[in-house]
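Peer 1: Give me a 3D structure for the following:
(one chain, ligands or ions: 2)
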Amino acid sequence: MVKICGIGAGYVGGPTMAVIALKCPSIEVAVVDISDSRISAWNSNKLPIYEPGLEEVVNQCRGKNLFFSTDVEKHVHEADIVFVSVNTPTKIRGLGAGKATDLTYWESAARIISDVSNSNKIIVEKSTVPVRTAEAVEKILTHNSKGIIKFQILSNPEFLSEGTAIQDLLNPDRVLIGGNQDREGLEAIQKLKAIYVHWVPQDRIITTNLWSAELSKLADNAFLAQRISSINAMSALCEATGAEVSQVSHALSKNTKLGPKFLNASVGFGGSCFQKDILNLVYICESNGLTEVANYWKQVITVNDYQKGRFVKRVVTSMFNTVTGKKIAILGFAFKKDTGDTRKTPAIDVCRGLLGDDACLSIYDPQVTKEQIHKDLSVSSNVVKQVSVVGDAYEATKEAHGICILTEWDEFKSIDYQRVYENMRKPAFVFDGRNILNVDKLREIGFILYSIGRPLE
Ligand SMILES: NC(=O)c1ccc[n+]([C@@H]2O[C@H](COP(=O)([O-])OP(=O)(O)OC[C@H]3O[C@@H](n4cnc5c(N)ncnc54)[C@H](O)[C@@H]3O)[C@@H](O)[C@H]2O)c1
Ligand SMILES: O=c1ccn([C@@H]2O[C@H](COP(=O)(O)OP(=O)(O)O[C@H]3O[C@H](CO)[C@@H](O)[C@H](O)[C@H]3O)[C@@H](O)[C@H]2O)c(=O)[nH]1
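Peer 2: Ligands and ions are numbered 1, 2, ... in the order given. Prediction:
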């Protein structure tokens, strides 16, 4: 029986390994992590991450061919293939701080693999890493094996999106596998491909050299984020000129050269990946002396920051230049719908901006806990009175002066806005950071409504 070990039981490692277990009953999959609490949660009825469809997949395989454990050494030792899905955050100190990728977790995983292995293994980079990471990984892996044990390193970046992870994994538009182009490298690529062909059509499995696969992942996220910053930049121009961004997006989407996706103007993109991966790309460009290329990609983040700042400014200026002491309902805190993840969510910047102007926030998100929100906003004793986290949208909006929609949760579309309006202070403002509301209907009720990229009333 082929044995797989997945190091890192997070948003990528957990769902990815669970789907491999589901689709390959003949393979034993062990997911390991250094975090006791995460592994305990994976072994419980309350999984550590919220992702539609995940629970069903885990329940079908857990205890059969899918296991979650903190015994990293044992499972790495026994595995034929090791997938590494550890976190690769932006460095916060030292050389390259604020841009370069912190490979500490990757290095520690590689050292464990090197220390406990006594048989040949394929090591799969699932995490998003700087291009040429495999070179460094190889050095670490082989440092004490003296060439007796052979490691083949493959780059197999993950393209899932949170909120649709299970669908993305079950039906990926492509699987990318990069490896060395010598005989052993090509054999390793075929071994990994043999796992995916259990459920992915052959023509969707792309194979490349190592560096192309590593760079393609960074390029992928940079292109997606660039589209959002492009439409968000247009949204500012729409507001200034009387054009409507949803109409512009619609017109663009019908151009078959552009396609319809990633054209929703918003309060800004969030999530653990886009900003981190672009910063990494910028750092790599700068390290290679490509200043103009670095500046080009940096602009994607500049526009995103501008969009978040513009939203806060709009709220404050619309509400007569002051939100001091005013209650503002924040609907949605996660970085997108159908996830409880708040990493780099635009809600953090918007809330901090409003708190900076002494607003009182009443926050509701269907999946994010009060503890998480307090942690993200670094709520200290002096601002704790300004932030309350409540259990539903009606409570959040009661007696509020304004509402900010910061996540596009479906339930926010079907709220009884007439009831909400009646319970709010007047004039009642709505700032729709996700353009999900029916503008005409809300204006008819009496709201003063601001949506992104739409002329004001
Ligand atoms: N979140 C996404 O949607 C997504 C999608 C595609 C790619 N990625 C990439 O995948 C990687 C993982 O992202 P994530 O969101 O799953 O991160 P995460 O923080 O949710 O999970 C990483 C896990 O790795 C564990 N870990 C760290 N070092 C370890 C070690 N030495 N041994 C065992 N466990 C260790 C951590 O405890 C943590 O539980 C990142 O490189 C990210 O850029 C993320
Ligand atoms: O038209 C759009 C599309 C997205 N967003 C925002 O962009 C962010 C990212 O959204 P999305 O890309 O759907 O979610 P992620 O889970 O961050 O997925 C991205 O990042 C992953 C991690 O690398 C990649 O695997 C995926 O391919 C890539 O889409 C979120 O804040 C969205 O609200 C917009 O504002 N407008």
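Peer 1: quick check: mean pLDDT across stretch 77-92?
Peer 2: Mean per-residue pLDDT for stretch 77-92: 97.
Peer 1: Next up, the contacts around Lys91.
Peer 2: 97-102 (CB atoms under 8 Å, 6 or more residues apart in numbering). To be clear about C-beta, it is placed using only N, CA and C from the backbone, and glycine gets the same treatment.
Peer 1: and if we set it to 10 Å?
Peer 2: 97-104, 279-280, 283 (CB atoms under 10 Å, 6 or more residues apart in numbering).
Peer 1: and what of Asp357?
Peer 2: 312-313, 315-316, 319, 321-324, 326, 328.
Peer 1: what's the answer for Asn144, then?
Peer 2: 111, 114-115, 117.
Peer 1: Nearest to ligand 2 among those residues?
Peer 2: Nearest to ligand 2 among these is Arg111, at 24.9 Å by CB to the nearest ligand atom.
Peer 1: Sketch out the strands for the stretch 1-150 of the chain, chain order is fine.
Peer 2: 3-7, 28-32, 66-69, 81-84, 121-125 (DSSP state E, counting those that start in this stretch).
Peer 1: Turn these into TSV, columns for mean neighbour count and distance to ligand 2.
Peer 2: Converted to TSV, the strands of the stretch 1-150 of the chain look like this (neighbours: other CB atoms under 10 Å; distance: least, CB to the nearest ligand atom, whole Å):
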stretch	mean neighbour count	distance to ligand 2
strand 3-7	25	17
strand 28-32	25	19
strand 66-69	22	22
strand 81-84	25	15
strand 121-125	24	13
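Peer 1: Now tabulate the ones you listed in CSV and tack on distance to ligand 1.
Peer 2: Converted to CSV, these look like this (distance: least, CB to the nearest ligand atom, whole Å):
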stretch, distance to ligand 1
strand 3-7, 5
strand 28-32, 6
strand 66-69, 10
strand 81-84, 8
strand 121-125, 9
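Peer 1: Dump these to TSV, plus distance to Phe269.
Peer 2: Shown next, in TSV, are the strands of the stretch 1-150 of the chain (distance: least, CB to CB, whole Å):
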stretch	distance to Phe269
strand 3-7	28
strand 28-32	29
strand 66-69	31
strand 81-84	26
strand 121-125	24
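Peer 1: The lowest-mean-pLDDT helix or strand in the chain - contacts with which helices or strands?
Peer 2: When the helices and strands of the chain are compared on mean pLDDT, DSSP states H and E, helix 133-142 comes out lowest with a mean of 92. Applying 3 or more CB pairs under 10 Å, 6 or more residues apart in numbering; DSSP states H and E, one finds that helix 133-142 contacts helix 104-116, strand 121-125, strand 151-155, helix 210-241.
Peer 1: Turn the ones you listed into TSV, columns for distance to Tyr196 and mean pLDDT.
Peer 2: Shown next, in TSV, are the helices and strands packed on helix 133-142 (distance: least, CB to CB, whole Å; pLDDT from 0 to 100):
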stretch	distance to Tyr196	mean pLDDT
helix 104-116	22	95
strand 121-125	11	97
strand 151-155	12	97
helix 210-241	14	97
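Peer 1: The chain against ligand 2: which residues are in contact?
Peer 2: Counting by CB under 6 Å from any ligand atom, the residues of the chain close to ligand 2 are 128, 158-162, 221, 224, 228, 262-264, 266, 269-271, 273-274, 335-336.
Peer 1: the strands in the stretch 351-457 of the chain, which residues?
Peer 2: 360-364, 387-389, 402-405, 429-432, 448-451.
Peer 1: thinking again about what came up before, dump the helices and strands packed on helix 133-142 to a markdown table, plus distance to Gly14.
Peer 2: Below are these laid out as a markdown table (distance: least, CB to CB, whole Å):
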| stretch | distance to Gly14 |
| --- | --- |
| helix 104-116 | 16 |
| strand 121-125 | 16 |
| strand 151-155 | 20 |
| helix 210-241 | 19 |
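Peer 1: returning to what we had before: from the middle of its chain, how far away would the least confident helix or strand of the chain be?
Peer 2: Distance, stretch centre to chain centre, for helix 133-142: 27 Å (CA atoms, centre = their mean, to the nearest Å).
Peer 1: quick check: angle from that helix to helix 104-116?
Peer 2: If you take axes from the mean of the first three to the mean of the last three CA atoms, to 10 degrees, helix 133-142 sits at 40 degrees to helix 104-116.
Peer 1: Now do helix 133-142 and strand 151-155, the angle between them.
Peer 2: 160 degrees.
Peer 1: okay, helix 133-142 in PDB with CA atoms only?
Peer 2: Only the C-alpha atoms of helix 133-142 are listed here, as PDB (Å, rounded to 0.1, in the frame of the first residue of the first chain):
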ATOM      1  CA  THR A 133      13.000  26.900  -3.300                       C
ATOM      2  CA  ALA A 134      13.400  23.300  -4.400                       C
ATOM      3  CA  GLU A 135      17.100  23.900  -4.800                       C
ATOM      4  CA  ALA A 136      17.400  25.000  -1.100                       C
ATOM      5  CA  VAL A 137      15.200  22.100   0.000                       C
ATOM      6  CA  GLU A 138      17.400  19.600  -1.800                       C
ATOM      7  CA  LYS A 139      20.400  20.900   0.000                       C
ATOM      8  CA  ILE A 140      18.700  20.500   3.400                       C
ATOM      9  CA  LEU A 141      17.300  17.100   2.600                       C
ATOM     10  CA  THR A 142      20.600  15.600   1.400                       C
END
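Peer 1: Return the set of buried residues in it.
Peer 2: Of the residues in helix 133-142, 133-134, 137-138, 140-141 count as buried by neighbour count, 16 or more other CB atoms under 10 Å.
Peer 1: Relative to Asp71, which of the residues you listed is nearest.
Peer 2: For those, the minimum distance to Asp71 (CB to CB) is 20.3 Å, reached by Leu141.
Peer 1: what's the closest one in contact with, if anything?
Peer 2: Contacts of Leu141 (CB under 10 Å, 6+ apart): 110-111, 113-114, 117, 121, 123, 134, 149-153.
Peer 1: Quick one, which of the residues you listed are buried?
Peer 2: Buried among those by 16+ other CB under 10 Å: 110, 113-114, 117, 121, 123, 134, 149, 151-153.
Peer 1: returning to what we had before: between the buried residues of helix 133-142, which is closest to ligand 2?
Peer 2: Distances from ligand 2 to the buried residues of helix 133-142, taken by CB to the nearest ligand atom, are shortest for Thr133, at 15.1 Å.
Peer 1: just checking, the closest one touches Leu210?
Peer 2: Yes. In this structure, Thr133 is within contact of Leu210 by CB atoms under 10 Å, at 9.1 Å.
Peer 1: just to revisit the earlier point, could you check the angle the least confident helix or strand of the chain makes with helix 210-241?
Peer 2: Using the same axes, to 10 degrees: helix 133-142 against helix 210-241 is 140 degrees.
Peer 1: can you tell if helix 133-142 touches ligand 1?
Peer 2: No. Helix 133-142 does not reach ligand 1 (CB under 6 Å from any ligand atom); its nearest approach is 10.3 Å.
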